[in-house]
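J.: predicted model and sequence below, questions to follow.
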Amino acid sequence: MGTVMTTALIIVFVAAYVAIAFEHPIRINKTASALLGAGLLWSIYALASGNAHASEHLSETLVGTAQIVFFLMGAMTIVEVVDAHNGFDVITSRIRTTNITALVWMVGAATFFLSAILDNLTTAIVMVSLTKKLIDSREQRLIFAGLIVIAANSGGAWSPIGDVTTTMLWIGGQITALAIMKSVILPSIVSCLVPLAVINYMLRGQKVTEPASESGAQMNTTSERERNIMFFLGLGVLVAVPAFKTITHLPPFMGVLFGLGLLWLVGDLLHGSKTEEEREHLNLTSALSRIDMASIVFFIGILLAVATLEHSGILPALASWLNDTVGREDFIVLLIGIVSAIVDNVPLVAAAMGMYDLGQHPPDSFLWEFLAYCAGTGGSILIIGSAAGVAAMGLERIDFMWYLKKISWLALLGYLAGALVYMLQIYIMS
């Protein structure tokens, strides 16, 4: 029965994974594939191993999954509240220049550091929308969109709240906030600087053509004071979460929900004198309706699906096979990073967390830190390899093959350069 169960689990998981990877060609939402896969996998596991045994394992899995989901829901809501108040104008309004060299570095730096505080998806949307207001030439805008994807993924990799995969490792106890920031920030900077330097060289001598000013600007019901308060409070709450976890030893989702309550309170006090109609799109009830619930449910489905492979012993067996076949952990993790450009990095990291035991690989060890870097930055190699890339693809209608020819080699160059820097750091410190 064990062999039959193992074979059935692998077949169902691979089928669900293929459906997720080819979401657009087959026109089936990846969330549906993840949920169907999770339901089938747990049903097979329960029937083969015994209902009580499976229920106990499912309860264990649910605790870890719920922590990630609550954290993401809270963080995404905070970002939506800031955006509703036009809070990101605090940054984007300061990026004004017709010098293309200066613009490359300003957009790159803003994207990199904003992604570390928010997340790479939100940052990509904010920055690509900004370049539409600054640059008229479509070819230049496409190059900048590629630059933004690389910088957003690099910026998210070194921060415990900047990328979903790094957040998963942080909440799972594989990494700690200060250690990941110290170890991965330099490789992440290099993985961003190398492509930026090449893009800067490619665009040298060109002029930035500003688009014609738009007529009928969107009605803005927030004052500059309100924008500043909500922007700095929202970012302050997110930045304070690692400190909250360190001081209280409570899970990060509790810090985010606490901060969300504070933001809600301040928002209600700020808008007390406004009419109901003016307050409608500014309150947190409205923000909750705008968060990407499809992505949240996808994370639930994929984390539950991967958990069955862990509990059934498939992932530990895969880890042993990789160690015997490939041998070197650095090559295995590098490979995971490159594969994350083809398939979603969330299930890849979830699988790696199940493959390797914390007893053999303690928190902040080479494996986990290098995985955070590789899974975070490797997705830039293809336009479909990260949430930031998919967002940029939709906003600027970027062709897959155009990105492959123009940007992929730059992202790969940055990825390998950053990986080399991380390895040198380990060699020097050991």
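T.: Yep, it's here.
J.: ranges for the strands of the stretch 101-250 of the chain?
T.: Along the stretch 101-250 of the chain, no segments are classed as strands by DSSP state E, counting those that start in this stretch.
J.: could you list the low-pLDDT ranges of it?
T.: 212-221 (pLDDT under 70).
J.: could you rerun that using 90?
T.: 101-103, 114-141, 156, 159-168, 171-173, 177, 202-228, 230-232, 234-250 (pLDDT under 90).
J.: and the helices in it?
T.: Applying DSSP state H, counting those that start in this stretch to the stretch 101-250 of the chain gives helices spanning 120-134, 138-157, 164-171, 177-202, 224-248.
J.: give me whichever of those helices is most buried.
T.: Ranked by mean neighbour count, the helices of the stretch 101-250 of the chain are led by helix 138-157 with a mean of 27 (mean count of other C-beta atoms under 10 Å). C-beta: built from backbone N, CA, C; applies to glycine.
J.: tilt between that one and helix 164-171?
T.: If you take axes from the mean of the first three to the mean of the last three C-alpha atoms, to 10 degrees, helix 138-157 sits at 10 degrees to helix 164-171.
J.: separation between the residue nearest the centre of the chain and Ser340?
T.: The residue lying closest to the centre of the chain (C-alpha atoms, centre = their mean) is Asp163, at 3.3 Å. Applying C-beta to C-beta, to the nearest Å, the value for Asp163 to Ser340 is 11 Å.
J.: ok, for Thr122, nearest residue in space, not its chain neighbours?
T.: Closest residue in space to Thr122, ignoring its immediate chain neighbours: Val79 at 5.0 Å, by C-beta to C-beta, 6 or more residues apart in numbering.
J.: now do the contacts for that neighbour.
T.: Leu118, Asp119, Thr122, Gly234 (C-beta atoms under 8 Å, 6 or more residues apart in numbering).
J.: picking that back up, give me the common contacts of Asp163 and Ser340.
T.: Common neighbours of Asp163 and Ser340 (C-beta under 8 Å, 6+ apart) are Ala375.
J.: pretty sure the residue nearest to Thr122 sits in a helix.
T.: Yes. The assignment for Val79 (DSSP: H, G, I helix; E, B strand; the rest coil) places it in a helix.
J.: quick one on the thing from earlier: okay, the helices of the stretch 101-250 of the chain in JSON lines with distance to Ile44 next?
T.: Output for these, formatted as JSON lines (distance: least, C-beta to C-beta, whole Å):
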{"stretch": "helix 120-134", "distance to Ile44": "33"}
{"stretch": "helix 138-157", "distance to Ile44": "35"}
{"stretch": "helix 164-171", "distance to Ile44": "25"}
{"stretch": "helix 177-202", "distance to Ile44": "36"}
{"stretch": "helix 224-248", "distance to Ile44": "36"}
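J.: out of these, which gets nearest to Gly313?
T.: helix 164-171 (21.3 Å; C-beta to C-beta).
J.: can you list the low-confidence ranges for the stretch 301-430 of the chain?
T.: Ranges of the stretch 301-430 of the chain meeting pLDDT under 90: 301-333, 335-361, 363-367, 375-376, 379, 382-405, 426-430.
J.: quick one: stretch 80-99 to chain centroid distance?
T.: Per C-alpha atoms, centre = their mean, to the nearest Å, the displacement of stretch 80-99 from the mean C-alpha position of its chain is 21 Å.
J.: what lies in contact with that stretch?
T.: Against stretch 80-99 from outside (C-beta under 8 Å, 6+ apart): 103, 106-107, 110, 114, 122, 126-127, 130, 133-134, 207-208, 210, 220, 222, 226-228, 230-232, 234-235, 263, 267, 281-282, 284, 286-288, 290-291.
J.: likewise for stretch 405-422?
T.: 142-143, 146, 149-150, 154, 183-184, 186-195, 198-199, 334, 337-338, 369-370, 373-374, 377-378, 380-383.
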